[in-house]
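Colleague: Show me the folded form of this:
(2 chains)
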Number of protein chains: 2
Amino acid sequence: MTFAPIDHARRVEMLQARLREGLGNGCDALLFTDLADVRWLTGFTGSHGWAAVRADSLVLGTDGRYGERALAETAGTGAVVHAETTRAALHDRLVACLTPSTGVGLDPAGTSHAEWRRLSGDLPLEPMDSLVRTQRSTKDDAEIQRMQAAAAAADAALAEVEPLLFATIDEPVTETDIRNELEYRMRRHGADDRSYETIVASGPDHGARPHHDAARRTILEGDTVIIDVGALVDGYHSDMTRSYVIGEPTQQQREVYALVEAAQRRGIEALRPGVAARTVDAACRDLFVGAGYGDWYVHGTGHGVGLEIHEPPFHSRVSDETVPEGSVVTVEPGLYRVGFGGVRIEDLLVVTSHGAHPLTHTPPRPFPV
Amino acid sequence: MTFAPIDHARRVEMLQARLREGLGNGCDALLFTDLADVRWLTGFTGSHGWAAVRADSLVLGTDGRYGERALAETAGTGAVVHAETTRAALHDRLVACLTPSTGVGLDPAGTSHAEWRRLSGDLPLEPMDSLVRTQRSTKDDAEIQRMQAAAAAADAALAEVEPLLFATIDEPVTETDIRNELEYRMRRHGADDRSYETIVASGPDHGARPHHDAARRTILEGDTVIIDVGALVDGYHSDMTRSYVIGEPTQQQREVYALVEAAQRRGIEALRPGVAARTVDAACRDLFVGAGYGDWYVHGTGHGVGLEIHEPPFHSRVSDETVPEGSVVTVEPGLYRVGFGGVRIEDLLVVTSHGAHPLTHTPPRPFPV
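Modeller: This is a model prediction of the structure:
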C-alpha cells in the first residue's frame, strides 16, 4: 500500500511558530523524549531518541544503531541529527544544543524521575504538558488513511477466522490457535504487525478477565468468547473487539449481549467534537447501572488511538478531557463475571462534525447462524 | 509444555527478611512500579499494577481489569490484592498501605517524574535502586528452563525458514515474508509469542541499519541478511541473531563474516562469573579496532535477558556492571556499513562457573552449501 506522505516539516514549522510567539512560561526551547511525540514531529521511528526544538532549530539525538535511519527519516524537516555511541555523550550533546536557554519545557509524565534529575542539573527544565501529545489527538487525512488500512486488515483477518471459531464444537480450536491465525492473517492483509497482543478470552473463567492473554484452552460449546484484535500500519494502530457465544446461547447470554450492544450504540451516539470524555463513559455506564449490571463493568469506555494504542482522550468516569474534532477513538463497553464469562464490543471511530464515522467494519455476528 | 513452578513465595520472604534486617537507609517499605519487578516478585502478569512490601506484608494494587487475574496469580505469596477502578482510588490505597512509614524505597529510573511528584506529596519516598531488578539478573533453574524453551522455539523456526531465504534467487521472498514465517512458526514450536519485533535486514542499505524493521524489500543475490529473532515463553525472552550472504559471497563478505565470528567467540570466552561487562565488550571491540573496522561497530556487545528483553548487565564500553553467576546474557558483535550491508552474530548464554553455556543452538550457516 502507498499512503499520502505525512508532512513533518509543517508540524515542525507550526511548533516553531508557537515558540516564536512565546509560550508564556519563559521557555524558549522544548524537549521531547516520548518516542511517539518524536515520531509524530520528525518522522523518526527508532526506539531511542529525543527531539530538541527551538524557534530556529530542530535537533534529533539518538544512538549509533539509528544514525542512518534518523537521517533518512527526518530529511525535509531541517533536523540536525546527532547519533552518539554512549549515553554520556548523548547527554552532553543535548545540554550543548539547549545551552543557553531561558527554560526547557519537558513533560514530567513522559520522563523518568532519574532522567529528570540528571537533566535538571544541567538544563533549566520546566514541567510542561507535551504540546505534541495534545496536538497528536487531532488526526490529519494521511494519518486516518493509515488507520483505515490497519482497521481493514483486522476486519479481513477476523472474517477469515470466525468460521474456525464457530466450528470448534466439531474441530476443537484453542485460544492461541485463534490468536495465531489472526496475527498471521492481518499481515497477509497488509498489516506491518499486530497493534498489540491479541486477546482471545473464552469460557466462564478466562472470559471474565477483560484483558486475559490467549492460553492453550480449547474453546467449548456454551462459552462466551472475546476477541480483541488490532493491526499496525506504518506506525498507526487499530483496535476492535467482537464477542461470541459458541453453540446455542442461553437466555442470560442473549440478555448480556443485547445490553452491551445497546450501551455501545449509546456511547457512539454520544461522540461529537468537544464532548466531555466522561459523557461518553456515562452514556454506556448509566445503561448498565440501570439494568442492574453496574458492578459487571470494570473498565473505562474507550481511548484515543494513533501512534500509540492508548492515547488521550480517555473516556473514563473521572476524565476531565474533551474529545476533539478529528480524533480517532474507541467505544468499548463490556460486562464480565466469573462463572458467566464476558462480552465486549469495540469499534474504532473518527470524530467529525457530522457524527462518528466507523473505521471498524466487521458486523457483529455473536451467534452462529 | 509444563515447567517447574516459580517460587514467588520464597522471593517475597527473602525480600522481607532483608527489610527486617534493615536496609541502612531508613526505609521500612519498598515500592515496585516496574512491571517486570512486580511479576518477578509476585507472579502478577497484568499490564498495570504495583507491589508494596513491608517486613510483614505484601500488597498488590491494580485496576479493575486485572482483579481476578491478580488474585489467581499471586496465590501463595500472602499478597493482599486491591483492584481499584480509578487512578485516584489506587493512589489513595497505596498511600494508606504505606502510612505510617519511616521511608519508602522506590527506583527513580522506573518511575516517571510526574508520578514521583504525586507520590512524594503523600509518602516519604527515598530514591533507591530496585533490589528486585538487581536480584533478577541471577536466574534460577525454573527460569532457565523457560528461556531454554524460548531459545529452542526460535532455533526450530529459523531452521524451517532458512531454506526459503537461500531459495530467494529462484523464488523471491521479501524481508516481511521471512519475518512473518518466523513469528508464526515460533508459536507452532511452543512459543507464546515473539520476544520482540523480528528484525530482517537485507542488502547494502537495510543491512547497514542494525535495527532495521522488516520491509517489503525482496531479498536479492549478493545481499547480506541479518535475522534477529527471539521467542517468549511464560514471560521469559530469548534473543538470537544469524547473518547470511545470498549467493556466492565476495571476498569482503567472507572477511567481515569471519571477523564477526572471531569477535563473538572472544566475547563468549570472556564471559565468566564476576567479569566486568565492559571486558566482554572490549573482547569484541578490540579485535574490530585492530582489524581496521572499529567505526563499523556502532552498538554495545550484549545485555542480560529474562523477563525483559534488555536488562542488566549491559556489555558496553562505559558499563560499570559485573556479570553475575547464573545470569543469562547475549554476546552480539556486528559490523555495518552503507553500501556493504551488515553482519551480526548473537547467542544467548548462561554464565556458570564452568564457562558460558549456550541456549542458542542454531549452527551458523552464512552461505548456502
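
Colleague: tally of neighbours for A:Thr2?
Modeller: A:Thr2 is flanked by 5 other residues according to other Cβ atoms under 10 Å in any protein chain shown. To be clear about C-beta, it is placed using only N, CA and C from the backbone, and glycine gets the same treatment.

Colleague: While we're on it, how confident is the model there?
Modeller: What the model reports for A:Thr2 is a pLDDT of 86.

Colleague: Can you tell me how far it is from chain B?
Modeller: Going from A:Thr2 to chain B by Cβ to the nearest Cβ, to the nearest Å gives 11 Å.

Colleague: and what of A:Ile345?
Modeller: 16 Å.

Colleague: so that residue makes contact with A:Glu261?
Modeller: Yes: counting by Cβ atoms under 8 Å, A:Ile345 does reach A:Glu261; the two are 6.1 Å apart.

Colleague: May I see the domains of chain A written out as residue ranges?
Modeller: A:8-135, A:141-358 (automatic domain parsing).

Colleague: looking at these, which is buried most?
Modeller: domain A:141-358 (a mean of 21; mean count of other Cβ atoms under 10 Å in any protein chain shown).

Colleague: pLDDT averaged over that domain, what's the number?
Modeller: 96.

Colleague: Distance from it to the middle of the chain?
Modeller: Centre-to-centre, domain A:141-358 and its host chain are 12 Å apart (Cα atoms, centre = their mean, to the nearest Å).

Colleague: show me the contacts for the nearest residue to A:Glu311 once chain neighbours are set aside.
Modeller: Distance criterion Cβ to Cβ, 6 or more residues apart in numbering or on different chains; nearest residue to A:Glu311, sequence neighbours excluded, is A:Gly304 at 4.5 Å. Contacts here follow Cβ atoms under 8 Å, 6 or more residues apart in numbering or on different chains; on that basis A:Gly304 touches A:Ser137, A:His310, A:Glu311, A:Pro312, A:Pro313, A:Phe314, A:Ser327, A:Val328, A:Val329.

Colleague: got it, and A:Val331?
Modeller: A:Val331 sits next to A:264, A:267-268, A:271, A:280, A:284, A:301-302, A:315, A:346-347, A:349, A:356 when contact means Cβ under 8 Å, 6+ apart.

Colleague: Tell me which of those residues fall in strands.
Modeller: Judged by DSSP state E, those include A:Gly302, A:His315, A:Asp347, A:Leu349, A:Ala356 as members of strands.

Colleague: which SS class is the spatially most central residue of chain A?
Modeller: In chain A, the residue lying closest to the centroid (Cα atoms, centre = their mean) is A:Ile309, at 1.7 Å. Look at A:Ile309: counting by DSSP: H, G, I helix; E, B strand; the rest coil, its state is coil.

Colleague: Touching, it and A:Glu197? I think so.
Modeller: No: applying Cβ under 8 Å as the test, A:Ile309 and A:Glu197 come out as separate, 10.3 Å apart.

Colleague: shared neighbours of the two, anything?
Modeller: Residues touching both A:Ile309 and A:Glu197 by Cβ under 8 Å, 6+ apart: none at all.

Colleague: can stretch A:175-193 be found next to chain B?
Modeller: Yes: using Cβ under 8 Å from any Cβ of the partner chain, stretch A:175-193 reaches chain B at A:Thr176, A:Asn180, A:Glu183, A:Tyr184, A:Arg187, A:Arg188, A:Asp192, A:Asp193.

Colleague: immediately after the top helix by length along chain A, which helix or strand?
Modeller: Secondary structure of chain A per DSSP state H: the longest helix is helix A:141-166. Heading C-terminal from helix A:141-166, the first helix or strand you meet, by DSSP states H and E, is helix A:175-188.

Colleague: elements contacting that following helix?
Modeller: On a contact count with 3 or more Cβ pairs under 8 Å, 6 or more residues apart in numbering or on different chains; DSSP states H and E, helix A:175-188 meets helix A:141-166, strand A:193-194, strand A:199-202, strand A:224-229, helix B:175-188.

Colleague: Now the fourth one - C-alpha only, PDB.
Modeller: What that stands for is strand A:224-229. Taking C-alpha atoms only, strand A:224-229 is exported to PDB below (Å, rounded to 0.1, in the frame of the first residue of the first chain):
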ATOM      1  CA  THR A 224     -18.600 -16.700  25.700                       C
ATOM      2  CA  VAL A 225     -15.500 -15.600  23.600                       C
ATOM      3  CA  ILE A 226     -14.000 -12.100  23.500                       C
ATOM      4  CA  ILE A 227     -11.600 -11.300  20.600                       C
ATOM      5  CA  ASP A 228      -9.800  -8.000  20.900                       C
ATOM      6  CA  VAL A 229      -7.600  -7.500  17.800                       C
END
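
Colleague: tilt between it and helix A:175-188?
Modeller: Orientation note: strand A:224-229 sits at an angle of 30 degrees relative to helix A:175-188 (axes from the mean of the first three to the mean of the last three Cα atoms, to 10 degrees).

Colleague: any idea how far chain B is from A:Val233?
Modeller: For A:Val233, the distance to chain B - Cβ to the nearest Cβ - is 12 Å.

Colleague: Do I have it right that that residue meets A:Asp192?
Modeller: Yes: with contacts defined as Cβ under 8 Å, A:Val233 counts as touching A:Asp192 at a distance of 5.9 Å.

Colleague: tell me how far the ends of stretch A:81-95 are from each other?
Modeller: 15 Å (Cα to Cα, to the nearest Å).

Colleague: can you list contacts of the host helix or strand of A:Val260?
Modeller: Using DSSP H and E, A:Val260 maps to helix A:251-270. Here helix A:251-270 makes contact (Cβ under 8 Å, 6+ apart) with A:224, A:243, A:245, A:249, A:279-281, A:283-285, A:287-288, A:291, A:293, A:296, A:301-302, A:315, A:331-335, A:340, A:343-347, A:349, A:356, A:364, A:366.

Colleague: rewinding a little: so which other helices or strands are in contact with the longest helix of chain A?
Modeller: Other elements packing on helix A:141-166 under the criterion 3+ Cβ pairs under 8 Å, 6+ apart are helix A:175-188, strand A:224-229, strand A:231-233, strand A:236-237, strand A:240-245, strand A:328-331, strand A:347-352.

Colleague: quick one: stretch A:95-112 to chain centroid distance?
Modeller: The chain centre lies 26 Å from the centre of stretch A:95-112; the measure is Cα atoms, centre = their mean.

Colleague: how about it against chain B, any contact?
Modeller: Yes: applying Cβ under 8 Å from any Cβ, one finds stretch A:95-112 in contact with chain B at A:Asp107, A:Pro108, A:Ala109, A:Gly110, A:Thr111, A:Ser112.

Colleague: what residues are up against the residue lying closest to A:Ala231 once chain neighbours are set aside?
Modeller: In space, A:Ala231 comes closest to A:Ala191 once its chain neighbours are excluded; the distance is 3.6 Å by Cβ to Cβ, 6+ apart. Counting by Cβ under 8 Å, 6+ apart, A:Ala191 makes contact with A:Ala150, A:Ala153, A:Ala154, A:Ala231, A:Leu232, A:Val233.

Colleague: Next, find the distance separating A:Ala191 from A:Arg146.
Modeller: In this view, A:Ala191 and A:Arg146 are 11 Å apart by Cβ to Cβ, to the nearest Å.

Colleague: what do the two both touch?
Modeller: Contact criterion Cβ under 8 Å, 6+ apart; residues shared by A:Ala191 and A:Arg146: A:Val233.

Colleague: So A:Leu31 sits against A:Cys97, correct?
Modeller: No: with contacts counted by Cβ under 8 Å, A:Leu31 stays clear of A:Cys97, the gap being 9.3 Å.

Colleague: list the residues that contact both of these two?
Modeller: Common neighbours of A:Leu31 and A:Cys97, counting by Cβ under 8 Å, 6+ apart, are A:Ala52.

Colleague: Just give the nearest non-adjacent residue to A:Ser319, would you?
Modeller: In space, A:Ser319 is closest to A:Ala277, 4.1 Å off (Cβ to Cβ, 6+ apart).

Colleague: Right, I'll leave it there.
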